[in-house]
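Asks: Please work out how this folds:
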Amino acid sequence: MTLYPLLPVPALATLLCLACHSAQADGFFMQADGGRETRGGVIALQRRALTYGINASAYDGGEELYASLTYALPLGDLAVMKFGPAIGKTWEDDAARNDDLRAGGKIALERYRATDFGGLYGLAEIGSINDAWFLLAQMDSRALDAGMSLSRGGSDNYTETTLALRKGFRDSPFSLRAA
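Replies: Just a heads-up that it's a prediction; the model follows:
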């Protein structure tokens, strides 16, 4: 089974999230990546202290689709902790290992620090479904409208490390990322 039949699910979830709040979202993030062994996409919509997230991954041997709803708890000037429920499904090429829809939890710790040159961002998150985890360190330059990031993530089913360069387009929320 492929994720293509499930593409309406993230779209429907995003529309549902938008319908839940009449005001414009505080933040929206969307990213798609493709590599030799894995491909994936992330959509996150933040409204006040709530973040709605969808993550899809395809890797050699299977695919995973997850959705989460997290609550942000500021930890003073140190960081922000986000935690909440998640649901997910895994399809393995070996049909005997396909999972039913599973419920679990997700917790993340993130920190952004503005600097004279731009900003620094760090993220560490873990999820109980398939022991998923993700680490990210990112540095951005305001003057160049560019940045660099190093990430490593995975689950019981795959592991991936990415070094990426990002170049923004002036006066646009979009950027081009090469990894």
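Asks: and the nearest residue to residue 66 once chain neighbours are set aside, what element?
Replies: Closest residue in space to residue 66, ignoring its immediate chain neighbours: residue 88 at 3.9 Å, by Cβ to Cβ, 6 or more residues apart in numbering. (C-beta placed from N, C-alpha, C; glycine too.) Following DSSP states H and E, one finds residue 88 within strand 79-92.
Asks: and residue 61, how far is that from residue 138?
Replies: For residue 61, the distance to residue 138 (Cβ to Cβ, to the nearest Å) stands at 29 Å.
Asks: So for those two, which sits in the more crowded spot?
Replies: Higher neighbour count among residue 61 and residue 138: residue 138, with 17 against 13, using other Cβ atoms under 10 Å.
Asks: What segments of the protein are strands?
Replies: 27-34, 38-47, 50-59, 62-75, 79-92, 102-114, 118-127, 132-141, 146-154, 159-168, 175-178 (DSSP state E).
Asks: Let me have these in TSV, adding mean pLDDT as columns.
Replies: Output for the strands of the chain, formatted as TSV (pLDDT from 0 to 100):
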stretch	mean pLDDT
strand 27-34	86
strand 38-47	90
strand 50-59	92
strand 62-75	94
strand 79-92	93
strand 102-114	95
strand 118-127	95
strand 132-141	94
strand 146-154	92
strand 159-168	89
strand 175-178	85
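Asks: Just name the most buried of those.
Replies: Stretch with highest mean neighbour count among the strands of the chain: strand 50-59 (a mean of 21; mean count of other Cβ atoms under 10 Å).
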